[in-house]
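Asks: everything below, folded, please.
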Amino acid sequence: KEECRFHYSRDCVNNFCVAGAILNYTQRLSQPNNNSSGGSSSGSMDPQKEALYFLTHFIGDIHQPLHVSRKSDTGGNKITVQFEPVPKQQQSRLLLAATTNLHVVWDTSMIAHAAQMLGNYTLLEMDIEASIIKNHHGYYNDDDCVNGGNASCVDRWAQESVEDAWNWAYQNVNYTEIISGTTLGPAYYETRIQIVKERIATGAMRLAGTLEHALSVME
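Replies: So this is what the prediction gives:
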């Protein structure tokens with residue numbers, strides 16, 4: 001359905017959205033900094049450093065499906081759920097079910113649980129890094145579309161997240177829509193955590209490509 005797609009002209013009026021921010025900060029990063037002191041005369045942050053910080057943040061954002069989803073529930077923030085990634089009989093003091101919202105499940109809870117299962121966040125990072133090395137060409141549809149300064153690329157990244165939001169985030173394992181009061185059990189976690197990891201890995205690859213494109217302009 002057209003209304004379930006990302007349309008830049010409709011959804012990013014005056015470039016005011018995460019896709020517009022990526023285009024904006026990629027352009028800023030590619031502009032030479034003529035200030036030899038490394039900061040502005042007023043003592044504020046160096047413009048390129050600021051652009052790098054924001055660009056890193058926003059490329060991460062656009063690859064989180066619920067950051068590119070429905071306004072009506074503010075990306076799942078208004079959908080209260082019970083997150084139970086392990087069966088009740090296996091829950092312990094460290095693995096308790098939690099009442100939260102759908103956005104937090106995708107932003108934090110599944111990642112935290114994956115790190116806990118592996119031992120810590122460093123091991124999770126190593127797991128994702130290994131998957132990038134193994135599946136280098138599988139994390140984006142077009143090897144040329146890794147440039148955050150290219151509007152068609154950013155549009156594609158957003159549309160991928162829209163599709164993942166509908167197919168994986170908002171939909172339970174029995175294909176019913178998740179509403180407030182839904183319990184997200186082990187099956188939901190086990191079938192969605194790979195999507196989370198893939199989006200993190202894809203975002204990392206695209207951030208690297210965007211930095212290469214932006215900084216090569218300065219050479």
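Asks: where do the helices of the chain begin and end?
Replies: 8-11, 18-30, 47-62, 102-104, 110-118, 121-134, 151-164, 186-216 (DSSP state H).
Asks: nearest to T80, of those?
Replies: helix 102-104 (8.2 Å; CB to CB). C-beta: built from backbone N, CA, C; applies to glycine.
Asks: distance between the closest one and the chain's centre?
Replies: Mean-position distance between helix 102-104 and its chain equals 13 Å (CA atoms, centre = their mean, to the nearest Å).
Asks: now what about it, what contacts it?
Replies: Around helix 102-104, the neighbours that count as contacts under CB atoms under 8 Å, 6 or more residues apart in numbering are 66, 73-77, 79, 81, 169-170, 178.
Asks: what does the average pLDDT come to for that helix?
Replies: Summarised as a single mean, pLDDT over helix 102-104 is 97.
Asks: and stretch 125-144, by the same measure?
Replies: 72.
Asks: separate out the buried members of the contacts of helix 102-104.
Replies: Judged by neighbour count, with 16 or more other CB atoms under 10 Å as the criterion, the buried members of these are 66, 73, 75-76, 79, 81, 169-170, 178.
Asks: how about those in a markdown table, adding distance to I22 and pLDDT?
Replies: Below are the buried ones among the contacts of helix 102-104 laid out as a markdown table (distance: CB to CB, whole Å; pLDDT from 0 to 100):
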| residue | distance to I22 | pLDDT |
| --- | --- | --- |
| L66 | 17 | 97 |
| D73 | 24 | 96 |
| G75 | 17 | 95 |
| G76 | 21 | 97 |
| I79 | 26 | 98 |
| V81 | 29 | 97 |
| A169 | 21 | 97 |
| Y170 | 24 | 97 |
| I178 | 28 | 98 |
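Asks: elements contacting the worst-scoring helix or strand of the chain on mean pLDDT?
Replies: Least confident helix or strand, the chain: helix 8-11 with a mean of 80, by mean pLDDT, DSSP states H and E. Here helix 8-11 touches no other helix or strand, going by 3 or more CB pairs under 8 Å, 6 or more residues apart in numbering; DSSP states H and E.
Asks: how far off centre is it?
Replies: Counting by CA atoms, centre = their mean, helix 8-11 comes out at 19 Å from the chain centroid.
Asks: just the contacts of helix 102-104: which are in strands?
Replies: V81 (DSSP state E).
Asks: tabulate the contacts of helix 102-104 (CSV), appending distance to H7.
Replies: CSV is the format used below for the contacts of helix 102-104 (distance: CB to CB, whole Å):
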residue, distance to H7
L66, 19
D73, 20
T74, 19
G75, 17
G76, 21
N77, 23
I79, 24
V81, 29
A169, 20
Y170, 19
I178, 25
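Asks: ok, the contacts of helix 102-104 vs E50, which is closest?
Replies: G75 (25.2 Å).
Asks: list the contacts of the closest one.
Replies: With CB under 8 Å, 6+ apart, G75 has these contacts: 66-67, 69, 103.
Asks: which non-adjacent residue is nearest it?
Replies: L66 (4.3 Å; CB to CB, 6 or more residues apart in numbering).
Asks: which one of the contacts of helix 102-104 sits closest to Y121?
Replies: L66 (20.8 Å).
Asks: which ones are touching the closest one?
Replies: With contact taken as CB under 8 Å, 6+ apart, L66 is in contact with 75-76, 102-103, 106-107, 165, 169.
Asks: re the thing from before, out of the helices of the chain, which is closest to P85?
Replies: Smallest distance to P85 across the helices of the chain (CB to CB): 3.9 Å, for helix 186-216.
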